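Trainee: This is a predicted model, with the sequence first.
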Amino acid sequence: MPKHIAFLRAINVGGRYIKMNELAEYFERLGYQGVETFINTGNVIFESSAESTVKLAEEIEAGIAPLLGFKSETFVRTGAELEAILAVAADLTPQATAGEVNVAFLNAPLTELQEANLMALASKVDEFLVKGTEVYWICQVAQNASKFSNGVFEQKLKMRSTFRRVSMLTQLSAALVDA
C-alpha cells in the first residue's frame, strides 16, 4: 500500500499537547496501517490505498477532532509529492547560514489575490515561491528575527496552513526510505 504523510497543524504548540504514540493510535483507530510518527510536531507516516490526498486529509480531520478535543487541520502528501517538494526546495538556498527554507502546506492553491497579498509581504529577509499547494518561504535570517510567521501568513491570506522546515522534511524523506 502507498505511504502517505499527514502534516497536522497546531500539534504540540500553544498548549495543545499530545504524545506521539497516542497520535499513532488515533490513526490506527481510523483504520490506517503502517502508522509511524515523526518528530513531536504532528507528522504521521501511514499507508492507505486511497487515491485522493484531499479526501484523506478531510477524513483524518473529521475523525481525529473528537479524539484530540480540537480541530487540527491536516495536509496529506504522498512520498512522491514529498520528493517533488524537496526537489524544488533544493534550488532555494538562503544567503545567510542562519537562514532556512520552510514549506507551507495548503489544501488548495492560492487565489491570485492571496498570492498578491503574500508577495506584498516579501522583503530582503523573506522571499516566497508559490508552487501548487505549497508555498516556499526563504528566510534569510534566523526565523525569530523575521517579521513573517505562520500567524502572519494565515491572517493576511485568510487560510489555514502548516509550515515545516526543509531540513526536517529531508529527514522525513530519509525515514520513508528506511521504513
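Mentor: Sure thing, it's come through.
Trainee: neighbours around residue 88, how many?
Mentor: 16 (other CB atoms under 10 Å). Glycine gets a C-beta too; all of them are placed from N, C-alpha and C.
Trainee: which element is it on?
Mentor: Taking DSSP states H and E as the criterion, residue 88 maps to helix 79-89.
Trainee: report the longest helix in this protein, please.
Mentor: Identified as the longest helix of the chain according to DSSP state H is helix 53-68.
Trainee: gap between residue 57 and residue 24?
Mentor: 17 Å (CB to CB, to the nearest Å).
Trainee: more neighbours, the two?
Mentor: More crowded of residue 57 and residue 24, by other CB under 10 Å: residue 57, with 21 against 17.
Trainee: what's the pLDDT at the nearest residue to residue 37 once chain neighbours are set aside?
Mentor: Nearest residue to residue 37, sequence neighbours excluded (CB to CB, 6 or more residues apart in numbering): residue 20, at 3.9 Å. Each residue has a pLDDT score; the one for residue 20 is 90.
Trainee: does residue 7 count as helix, strand or coil?
Mentor: strand (DSSP: H, G, I helix; E, B strand; the rest coil).
Trainee: What are the buried residues along stretch 23-31?
Mentor: Neighbour counts over stretch 23-31 (16 or more other CB atoms under 10 Å) mark 23-24, 26-27, 30 as buried.
Trainee: circling back to that earlier point, the residue nearest to residue 37 is in contact with residue 36, isn't it?
Mentor: No. The pair formed by residue 20 and residue 36 falls short of the contact definition of CB atoms under 8 Å, at 9.1 Å.
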